[in-house]
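>>> Sequence first, predicted coordinates after that:
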Amino acid sequence: MAQFQSPSIYVGDLDGKVTEAMLYDHFRTVGPVVSVRVCIDSQTHKSLGYGYVNFQSPADADKAIDQLNGSKIPANSETAKSCRVARIQRDPTQRKSGITNVVVKGLPAEMDGAQLKESFGNYGRIVSIKVPTDEKGLSRGYSYIMYEKEESAKKAVEEMNGMAVEGQSEGQTLIVERYKNPAAIREEQLKNYNNLYIKNLDKAVTDEVLIQHFEKFGKITSAKVREAPIEGAAGDGNMGFGFVAFEEHEDAVKAKDALDDQEHELAAPEQKLSVRRFMNKKERQRAKEQAYRERQQQYAKYPNLYVKNFDDTVTNEQLKEAFEQFGPTISVKIERDRSTGVSRGFGFVSFKDHSAAQKAVTELAGSRILGSRPLFVTYALRRDARLQQFEEIQKKRRQPNMQQPPMPIQPPMGGHFGPMGPIPYGGGRGPMPRPPPMGGPLGGMPPGGLGGMPGGMPPGMGGFPGGPRPGGAGGLPAGMPPAQPVMPRPAPKPAAPAHPTGLDPQYLSQMTPEQQKNVLGERLYTYIVKKFPKQSAKITGMLLEMDNSEILNLLDSPALLDSKVDEAIEVLERHTSL
């Protein structure tokens, strides 16, 4: 089956002033153009220096790569930059391999992409040329050439390396070599190191003592023990570390293997000597970032619990024993004061299984197994997540209470409220008369109205048989205002659900497993679709693979849910990049 050829091309090294109209006019000379796009920054709305052109035919895309690679946009401008035209390569491994690339150094300042193509095009089809230029549009003296095949790159290096071209100074020649990926260069340097970094040195160690112990592994070119800038600032002036440079890489490896992490007379008391490959500042920063990423991955893989309110005398072993009854742990650590070594009253427990962590939170939270105070056990959060959660709690507390105040309770008709409850008008606290039985029309009322009156009104309007009560008109005590009609009490509002998500675990337990997943999936999707509308379905499906109890915990804590969503996004990006 013939390989599909895309009619789209990538255009790089564009000047910041190049517009989509200029890009269209430049490439329509090759063939019909369907669309063009110059990529811009979403915040500054300035050009990012590259774009894409879509032709109707793949043949026109090939023609544009052959004819317009290294051309200037606009063509009539002397200060315009030479653009780089290439096929769109979606495979990152192919983009970064560089097996078809060559680097050309020692170029004259006037040499542009068109002249380079004329000189190097004899060895194979060139799919991309990049000539870095200065502010005046002149070459910086080097360029990158990408061939279609690796054999063409090899042949160009063999025949053009050491050649002289027009415009070079006398005795100057081209340097043509295969492109090396920066990552490959770093890996090669790691394998061929000569310098060592020695740590945990005793304060009495000097340069001469350091050389004396390391020269038995091979010839040393230099050795230095770092001294404090101010005498006496670090004991006897020694800061506890130094450097040794060997002439041969093999000698450095032998010294590292023999002395690293060993008890040695050079080491400080109660410490082991540390001998490692020397790393510059960039390498140390890169290693620090890599270690941080690894910790984050471990944090995401294993559930980590935060525990506090245990006694200061509790040790790591006791904390581990208390929590391992629920499942195997990965690490247990009690935070201690660096100067005194006294426990700070809190620590962290990392479990291997999520269900074991959840069971430990449920069983140990509030218990007094490790002291007189009730334990506080919850899932550990990163600092940014804790701050976000705290802000959400404060925001909820600041919201005004919108519930209506309860209606005042009016005394019932025919009675008043005493200190012990409703008292019937009559002076005594006897039982209230029972209502007549429901039998006749309208609940036992005689036909024609209440009290036998034609108009349906009882004599005296007091609600008592036989007319008004003594002491006041209408059956009320003297001097008492007429009672207000009883206002119906507002219907009580439904009680808030016991679970913060609105999903009570007992309520979920009454559903089938399929129904539970549907309900939890709806809640997750509603939250995720607001931030990631295109990937919300995939992320929801990934999170639904977790236990229902864990999903409920995520719904309770937006910070934890955001971290899980970020992990899912990272997994999706890695999958799509493969």
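Received the coordinates, thanks.
>>> For residue 467, report the pLDDT, please.
In this model, residue 467 is scored at 45, pLDDT.
>>> err, residue 250, not the other one
90.
>>> Residue 256 - how many residues pack around it?
19 (other C-beta atoms under 10 Å). Just so you know, the C-beta spots here come from the backbone N, C-alpha and C atoms, and that holds for glycine as well.
>>> I figured it hits residue 274, correct?
No - counting by C-beta atoms under 8 Å, residue 256 sits too far from residue 274 to count as a contact (10.1 Å).
>>> quick one: buried residues of stretch 292-310?
302, 303, 304, 305, 306, 307, 309, 310 (16 or more other C-beta atoms under 10 Å).
>>> Nearest to residue 521 among the residues you listed?
residue 303 (21.8 Å; C-beta to C-beta).
>>> For the stretch 451-578 of the chain, which segments count as helices?
505-509, 513-528, 536-543, 548-556, 558-577 (DSSP state H, counting those that start in this stretch).
>>> ok, residues contacting the last one?
Read it as helix 558-577. 92, 300, 379, 381-382, 384-386, 388-389, 392, 527-528, 531-532, 535, 538-539, 542-543, 553-555 (C-beta atoms under 8 Å, 6 or more residues apart in numbering).
>>> Show me how to select, in PyMOL, the buried members of those residues.
Buried residues within the contacts of helix 558-577, by 16+ other C-beta under 10 Å, are selected in PyMOL with:
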select buried, resi 379+381+385+388+527+528+532+535+538+539+542+543+553+554+555
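>>> Please enumerate the strands of the stretch 201-350 of the chain.
With strands called from DSSP state E, counting those that start in this stretch, the stretch 201-350 of the chain shows them at 220-227, 238-246, 274-277, 304-308, 329-336, 343-351.
>>> what sits up against the first one?
Strand 220-227 is contacted by residues 194, 201, 205-207, 210-211, 214, 237-239, 241-247 when judged by C-beta under 8 Å, 6+ apart.
>>> Quick check: closest non-adjacent residue to residue 252.
Closest residue to residue 252 apart from its sequence neighbours, by C-beta to C-beta, 6 or more residues apart in numbering: residue 246 at 4.4 Å.
>>> contacting residues for the one you found?
Going by C-beta under 8 Å, 6+ apart, residue 246 touches 194, 195, 196, 217, 218, 219, 220, 221, 252, 255.
>>> could the residues you listed go into TSV alongside distance to residue 317?
Formatted as TSV, the contacts of residue 246 follow (distance: C-beta to C-beta, whole Å):
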residue	distance to residue 317
194	44
195	41
196	37
217	41
218	45
219	49
220	45
221	48
252	40
255	37
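>>> Are any of those residues buried, and if so which?
Buried among the contacts of residue 246 (16+ other C-beta under 10 Å): 194, 196, 217, 218, 220, 252, 255.
>>> What residues does residue 242 make contact with?
With C-beta under 8 Å, 6+ apart, residue 242 has these contacts: 198, 201, 205, 207, 210, 223, 224, 225, 226.
>>> Make TSV out of these and add distance to residue 143, neighbour count and pLDDT.
Formatted as TSV, the contacts of residue 242 follow (distance: C-beta to C-beta, whole Å; neighbours: other C-beta atoms under 10 Å; pLDDT from 0 to 100):
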residue	distance to residue 143	neighbour count	pLDDT
198	43	29	92
201	48	24	89
205	51	21	87
207	47	14	89
210	47	20	90
223	43	22	91
224	41	13	90
225	46	22	90
226	43	15	87
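>>> export these to TSV and tack on distance to residue 148?
Formatted as TSV, the contacts of residue 242 follow (distance: C-beta to C-beta, whole Å):
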residue	distance to residue 148
198	50
201	56
205	59
207	56
210	55
223	51
224	51
225	55
226	53
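>>> Could you count how many residues lie near the residue lying closest to residue 335 once chain neighbours are set aside?
Spatial nearest neighbour of residue 335, chain neighbours left out: residue 344 (4.7 Å); criterion: C-beta to C-beta, 6+ apart. As a burial measure, residue 344 scores 12 neighbours (other C-beta under 10 Å).
>>> from the buried ones among the contacts of residue 246, which has minimum pLDDT?
residue 194 (88).
>>> Provide a list of residues in contact with that one.
Contacts of residue 194 (C-beta under 8 Å, 6+ apart): 221, 245, 246, 247, 248, 249, 252.
>>> got any ranges where the stretch 201-350 of the chain has weak pLDDT?
By pLDDT under 70, the low-scoring segments of the stretch 201-350 of the chain are 229-237, 298-299.
>>> try 90 this time
In the predicted model of the stretch 201-350 of the chain, residues 201-207, 213, 226-240, 249, 261-272, 277-304, 312, 330-331, 337-345, 350 satisfy pLDDT under 90.
>>> Okay, helices next: where are they in it?
Under DSSP H, counting those that start in this stretch, the stretch 201-350 of the chain gives helices at 207-214, 249-259, 281-301, 316-323.
>>> What residues of the last one count as buried?
In terms of neighbour count (16+ other C-beta under 10 Å), helix 316-323 has its buried residues at 318, 319, 320, 322, 323.
>>> need the contact list for residue 39.
47, 48, 50, 51, 52.
>>> Separate out the buried members of those residues.
Buried subset of the contacts of residue 39 (neighbour count, 16+ other C-beta under 10 Å): 47, 50, 51.
>>> which residues does the first one contact?
What it means is residue 47. 14, 15, 16, 17, 18, 38, 39, 40, 41.
>>> For it, which non-adjacent residue is spatially closest?
Spatial nearest neighbour of residue 47, excluding adjacent residues (C-beta to C-beta, 6+ apart): residue 16 at 4.8 Å.
>>> give me the number of residues near that neighbour?
Residue 16 - counted by other C-beta under 10 Å - has 11 other residues nearby.
>>> give me the beta-bridge partners of the residue nearest to residue 252?
Beta-bridge partners recorded for residue 246 (DSSP bridges): residue 220.
>>> roughly how far apart are it and residue 216?
12 Å (C-beta to C-beta, to the nearest Å).
>>> before we move on, what about residue 383?
48 Å.
>>> Which of those two has more residues huddled nearby?
More crowded of residue 383 and residue 216, by other C-beta under 10 Å: residue 216, with 10 against 7.
>>> What does the pLDDT read for residue 133?
Looking at residue 133, the pLDDT reads 76.
>>> My error: substitute residue 102 in the last question.
The per-residue pLDDT reported for residue 102 equals 89.
>>> Ok, the one 5 residues further on next?
Note on residue 107: pLDDT of 85.
>>> try the one 3 residues further on
According to the predicted model, the pLDDT of residue 110 comes to 77.
>>> separation between it and residue 116?
Counting by C-beta to C-beta, the gap from residue 110 to residue 116 is 12 Å.
>>> What of residue 74?
For residue 74 relative to residue 116 (C-beta to C-beta), the value is 21 Å.
>>> Give me the more crowded residue out of these two.
residue 116 (24 against 13).
>>> and that one, what does it touch?
70, 104, 107, 129, 131, 143, 145.
>>> Including distance to residue 333, could those residues go into CSV?
Listed next are the contacts of residue 116 as CSV, based on distance: C-beta to C-beta, whole Å:
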residue, distance to residue 333
70, 59
104, 55
107, 58
129, 56
131, 55
143, 54
145, 54
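>>> ok, and the most crowded of the residues you listed?
Counting neighbours by other C-beta under 10 Å, residue 145 leads the contacts of residue 116 with 30 neighbours.
>>> my guess is it contacts residue 128, does it?
Yes - Residue 145 lies in contact with residue 128 (C-beta under 8 Å); the separation is 7.4 Å.
>>> Find residues that contact each of the two.
Between them, residue 145 and residue 128 share no contacting residue under C-beta under 8 Å, 6+ apart.
>>> Export the helices of the stretch 201-350 of the chain as CSV, with columns for distance to residue 169.
Output for these, formatted as CSV (distance: least, C-beta to C-beta, whole Å):
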stretch, distance to residue 169
helix 207-214, 46
helix 249-259, 37
helix 281-301, 34
helix 316-323, 70
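>>> Thank you, goodbye.
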